[in-house]
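# here are the coordinates; sequence isn't available:
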Ligand code: ADP
C-alpha cells in the first residue's frame with residue numbers, strides 16, 4: 001500500500017502530478033482544495049465556511065479539514081492506497097492523519113515535496129488565475145499570503161515526516177514528464 005503525501009507550496013504542481021501518479025499506481029487522489037471547491041460550488045454550509053478563508057489566502061481551520069478528510073477516507077476505501085494533495089497542511093493535521101491511518105492498520109509511506117521557488121509560484125498562479133476562475137489565483141496579494149501561510153504553518157510538516165524517514169524532495173521545475181519521472185523514481 002502506498003500512502004503518499006504530495007507536498008509543496010501552492011502552484012508547485014501537486015494536482016497535475018497527482019492525476020498521473022494515481023493512474024500509474026491505482027491510487028485514490030484526495031485533494032482537500034478540490035473537496036472545498038466542490039462544497040463551494042454546491043453552496044453547502046461547509047463550502048460557505050471554507051470560502052471565507054480561502055478567498056483571503058488563509059488556511060481553513062484544522063477541525064474542518066480533518067472531519068472532511070476522515071469522511072472521504074471512509075467513503076473511498078482503496079487497498080492500493082492514496083495520494084494526499086493539500087493535506088496535511090499543519091502539524092495538527094499530520095497528527096490526525098497518522099491516527100486515522102493507524103486505525104486502519106497503515107501509515108504514511110512517502111512524502112514527496114515539489115521544490116519550486118516563490119517567484120515561479122506567483123507567476124504560475126497568476127497564469128492559472130486567467131483561466132481557472134479560482135478567486136484565490138487572481139490576486140497577487142492573496143497568492144503571497146498563501147505562500148506566507150505555507151512557510152509558517154505547512155513547511156514544518158516536512159520535518160515532522162523527515163523524523164520518521166519518509167520525506168523526500170523532487171525538483172518541481174521543468175516539463176511535466178520530467179517532474180513525473182523524478183517522482184516515479186522515488187516511488188517505484
Ligand atoms: P493550492 O495548492 O494551489 O493552494 P488548494 O486547492 O490545495 O490549492 O487549496 C486552496 C485553498 O484551500 C488553500 O489556500 C486553503 O485556504 C484551503 N485548504 C485546502 N486544503 C487545506 C488544508 N489541509 N488545511 C487548511 N486549508 C486548506
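That came through fine. Everything numeric in this text was worked out from a predicted model, so none of it was measured.

# Now residue 81. Its backbone dihedrals?
The phi/psi pair for residue 81 (degrees, to the nearest 10) reads phi 120, psi -170.

# ok, it - contacts?
The neighbours of residue 81, taking C-beta atoms under 8 Å, 6 or more residues apart in numbering as the test, are 1-4, 25, 27-28, 106, 109. Heads up, the C-betas are built off the backbone N, CA and C, glycines and all.

# so how far is residue 186 from it?
From residue 81 across to residue 186, the span is 15 Å (C-beta to C-beta, to the nearest Å).

# Residue 157 now?
Distance, residue 157 to residue 186, using C-beta to C-beta: 17 Å.

# again, but for residue 168
5 Å.

# What of residue 156?
Distance from residue 156 to residue 186, by C-beta to C-beta: 21 Å.

# returning to what we had before: tell me the buried residues within the contacts of residue 81.
Among the contacts of residue 81, the ones that count as buried by 16 or more other C-beta atoms under 10 Å are 2-4, 27.

# coming back round to it: which residues do residue 168 and residue 186 both contact?
By C-beta under 8 Å, 6+ apart, the residues touching both residue 168 and residue 186 are 110, 112.
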